[in-house]
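# One predicted model, sequence on top.
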Amino acid sequence: MAEHRPHEDGALCEAGRGLYVHALQSGRIHAEEAREAPCLGGLGLLQPDTEHAEWLLPIAPSVALPRILHTIDVSVTAQRQRESRLADAFAPLMTLGSERTRTARSSGTTLHTGVSHVNEAIDRVVSRSRSEALAIQPGGKRSADELVRSLPRVNHILSLGGRMRTLYQHTTRYSGPALAHYEQLDGDVEVRTLDELPHRMMVFDRSVAFIAVSKSPDAALEIRQPAIVDYMVATFDLLWRLAVPRWPQPIPQPTPHGITPRQQAIAALLTEGLTDADIAARLGMNVRTARVHIAKLSAVLKSTSRAQLGYLIGKSGILDRTTG
């Protein structure tokens, strides 16, 4: 058995994996033996044997993995909510003073107001970028004009051997202009999608970031403070691992019980008591589309009212699975 060594929280080391395999094969493991790998308990892979206190029983991998992924998803959701609260709190302060660019050099941030000033600032940073561009693009489908304007920036980085990683919401999986846009690119480009995303963000060479200013579509904050940029990159990397590949090799999303992944996301928000408008805003779709999916959910679950639909969603188990 491999020796247990200290490692990051939330990981399963080789020693822990070996003990877990042993527990699965034997049907149980002695509590003293399990103490050699604390990560087993931290990941919730073992539970007490109610009949024999000195023994622990393994949780089946098919049960343990969804629980772990759910915990990660809850953590990501909490971070998104914290980001949104901070953005809303700072939004009224962003437009104070001049309508042109305002710089706070001591904090490593620069506020750019006005679409032309924002684009000029991004173009300046892109011209000096060499290795990587990361982007989060929430909301609905991007217009063809907007996609065309972004081509020179992306091509500049790709031409130098750099790479491009972009996160969209699931609604763009059916966007013709977006697909045509990526067909014009030649290089290391990948796109993944998630049901929900935080505000728009771009990071270049993991050293300079731009974030949209909440409730101010014509303003962006340029960030050069290393600790903040590192945090934003770590957040992007976490969301990237949870997202579903879309380009260049899309992964079909499963539809068990006749419920599509998009309808499952809507079902989860319905159980939170959100209105149709709130659900549409969170998932980057229009209200009419959201209502069509809600009607399909009601038909599949044979619901006759909104209150009953929430109850049937919880009872059906459609929220118990994960969609990658």
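Structure received. Numbers count the residues shown, from 1 in each chain.
# so A277 sits in a helix?
Yes. Under DSSP: H, G, I helix; E, B strand; the rest coil, A277 sits within a helix.
# Quickly note the distance from it to Q25.
Distance from A277 to Q25, counting by CB to CB, to the nearest Å: 52 Å. Where you see a C-beta, it was placed from the backbone N, CA and C, and this is true even at glycine.
# same check, this time on V233
Separation of V233 from Q25 (CB to CB): 40 Å.
# circling back to that earlier point, with neighbour numbers in mind, choose between A277 and Q25.
Neighbours per residue (other CB atoms under 10 Å) separate A277 from Q25, with A277 holding more: 12 against 9.
# Identify the spatial nearest neighbour of that one, chain neighbours not counted.
Distances taken as CB to CB, 6 or more residues apart in numbering put V287 closest to A277, at 5.5 Å, once the chain neighbours are dropped.
# Can you report how many residues neighbour the one you found?
Neighbour tally, V287, other CB under 10 Å: 14.
# can you list the domains in this protein?
14-59, 68-247, 256-316 (automatic domain parsing).
# Spell out, range by range, the helices that occur in the stretch 1-150 of the chain.
14-26, 31-34, 38-42, 61-94, 115-128, 144-159 (DSSP state H, counting those that start in this stretch).
# and the very next helix or strand once past the last one, what's its mean pLDDT?
With elements assigned by DSSP states H and E, the helix or strand that comes after helix 144-159 is strand 163-169. Along strand 163-169, the predicted confidence averages to a pLDDT of 90.
# Who are the packing partners of strand 163-169?
The contact analysis (3 or more CB pairs under 8 Å, 6 or more residues apart in numbering; DSSP states H and E) places strand 163-169 against strand 132-137, helix 144-159, strand 188-194, helix 226-242.
# Buried residues in the third one, which are they?
Buried residues in strand 188-194, counted by 16 or more other CB atoms under 10 Å: V189, E190, V191, R192, T193, L194.
# contacting residues for the most centrally placed residue in the chain?
In the chain, the C-alpha nearest the mean C-alpha coordinate belongs to L239, at 3.3 Å (CA atoms, centre = their mean). Residues counted as contacts of L239 (CB atoms under 8 Å, 6 or more residues apart in numbering) are V76, I136, L167, L194, L197.
# which residues does the third one bridge with?
In this entry, L167 is beta-bridged to I136, R192, by DSSP bridges.
# Go ahead and confirm it touches E196.
No. Taking CB atoms under 8 Å as the definition, L167 is not a contact partner of E196, at 10.6 Å.
# From L309, how far out is the closest residue to H170 other than its chain neighbours?
Nearest residue to H170, sequence neighbours excluded (CB to CB, 6+ apart): T193, at 4.8 Å. As judged by CB to CB, T193 and L309 stand 26 Å apart.
# ditto for F210
When F210 is compared with L309 (using CB to CB), they lie 40 Å apart.
# Check I59 too.
For I59, the distance to L309 equals 31 Å [CB to CB].
# Which parts of the stretch 201-324 of the chain are helices?
Ranges of helices in the stretch 201-324 of the chain, per DSSP H, counting those that start in this stretch, are 226-242, 261-270, 276-283, 287-301, 306-316.
# among those helices, which is nearest E51?
E51 lies closest, by CB to CB, to one member of the helices of the stretch 201-324 of the chain: helix 306-316, at 31.1 Å.
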